[in-house]
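In: sequence? don't have it. structure:
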């Protein structure tokens, strides 16, 4: 019956594991229970809320005197999107009043958790080893690029570095496909070119987004780069790799700093523009998550986002990219990422949790007013950019709603 209901409601993967774990543990503490129903778990981010809702459902639907709450398990956020109808989960279950624990069940759960974590460590180790292996030639070429004064040689070294970066991503993608449980479907890649300049904007739900975007765009567009905070250049290994691969580092001054040092206004933009000058000779793609952070239902509600599946976009990051490189970009790539079964964390992906992603790419021309505008000093331009960005995000929200409905 449980499998039948799961199929009917499209409950799969980690939702089943978490649900069964909670039910087995709770039911083991009940006495002479013949039937347990679980209802009403809808988009909850707090594991405690899952446990509380399950206990409430049992107490309301059946004359159970008490339920002892779990003290462990169900760790990490979980969104059970499909449990809108009662699900028959246990039938004919009996438990002794004195023996309220099941050692065998706990043992098997511990073994499963251990195996899962070992798999996660091995998977992450594979990605780390791949990064370290490619880090050595990247570092050597970066030093040569730094000391050689000949522009033609520097451009040649840059092309070699980009090729190394693409090989790095290719092996990461191979690991994802063959050692992980990750599936992705991409749409709208047919007309992309490796010799173009692209500004890529995408919604952001999890760190998995980055490896998925790298996988789908690798060798279809120029090597994907990110605007990175200048402080991250000191990040172990990756900081030097980002510098060698010409990631554009940016320095942002806070409003409080600018109020104390008004002469520094606009200096951060000038610094970023100078950093982007190197891209004039090399086709480049720059990725910008303009929501500024990863999506969660809690953030959506606290920020009063007008969208159902997105946070409100921050125009400042986009304006920075357009002001720094706008005249170089040949097109804007609007990427919509959808996880039909729900987004998962990077660690859960490493541990083998099923991840399914749909990426829809829409190529848009950059109108001249977007490139020529002055976001800092032109109020009309700011208002027009906010309106344009709001319309773009409304379209994206509708696309996500349509995809989620189509895939249950």
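Out: Nice, thanks for sending it over. As the structure is a prediction and not an experimental result, all values here were calculated from the model.
In: List the first helix or strand encountered after the strand or helix carrying residue 118 toward the C-terminus.
Out: Per DSSP states H and E: residue 118 is located in helix 103-147. As assigned by DSSP H and E, the chain's next helix or strand after helix 103-147 is helix 151-179.
In: Now do that next one: which elements does it pack against?
Out: helix 103-147, helix 208-217 (3 or more C-beta pairs under 8 Å, 6 or more residues apart in numbering; DSSP states H and E). Using the backbone N, CA and C atoms, a C-beta is placed for each residue, glycine as well.
In: quick one, which of those is packed in tightest?
Out: Mean neighbour count (mean count of other C-beta atoms under 10 Å) peaks for helix 208-217 among those, with a mean of 22.
In: can you list contacts of that one?
Out: 169, 172-173, 176, 182, 184, 186, 189, 192, 200, 202, 224, 285, 287, 289, 335, 337, 343-346, 349, 355, 357, 359, 361 (C-beta atoms under 8 Å, 6 or more residues apart in numbering).
In: still on that earlier bit, okay, angle between the helix holding residue 118 and helix 151-179 too, please.
Out: 170 degrees (axes from the mean of the first three to the mean of the last three C-alpha atoms, to 10 degrees).
In: Just the buried ones from the contacts of helix 208-217?
Out: Among those, those classed as buried by 16 or more other C-beta atoms under 10 Å are 169, 172-173, 176, 182, 184, 186, 192, 200, 202, 224, 285, 287, 289, 335, 337, 343-346, 349, 355, 357, 359, 361.
In: show me where pLDDT drops low in the stretch 101-250 of the chain?
Out: Applying pLDDT under 70 to the stretch 101-250 of the chain flags residues 101-105, 237.
In: among the contacts of helix 208-217, which are in helices?
Out: Counting by DSSP state H, the contacts of helix 208-217 place 169, 172-173, 176, 346, 349 in helices.
In: show me the contacts for residue 305.
Out: Neighbours of residue 305 in contact, by C-beta under 8 Å, 6+ apart: 299, 311-312.
In: rerun at 10 Å
Out: The contact partners of residue 305, taken as C-beta atoms under 10 Å, 6 or more residues apart in numbering, are 291, 295, 299, 311-313, 393, 397.
In: Output these in CSV; the columns should cover pLDDT, distance to residue 138 and secondary structure.
Out: Below are these laid out as CSV (pLDDT from 0 to 100; distance: C-beta to C-beta, whole Å; DSSP: H, G, I helix; E, B strand; the rest coil):
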residue, pLDDT, distance to residue 138, secondary structure
291, 88, 30, coil
295, 91, 32, coil
299, 92, 35, helix
311, 93, 34, coil
312, 92, 37, coil
313, 91, 33, coil
393, 95, 36, helix
397, 94, 39, helix
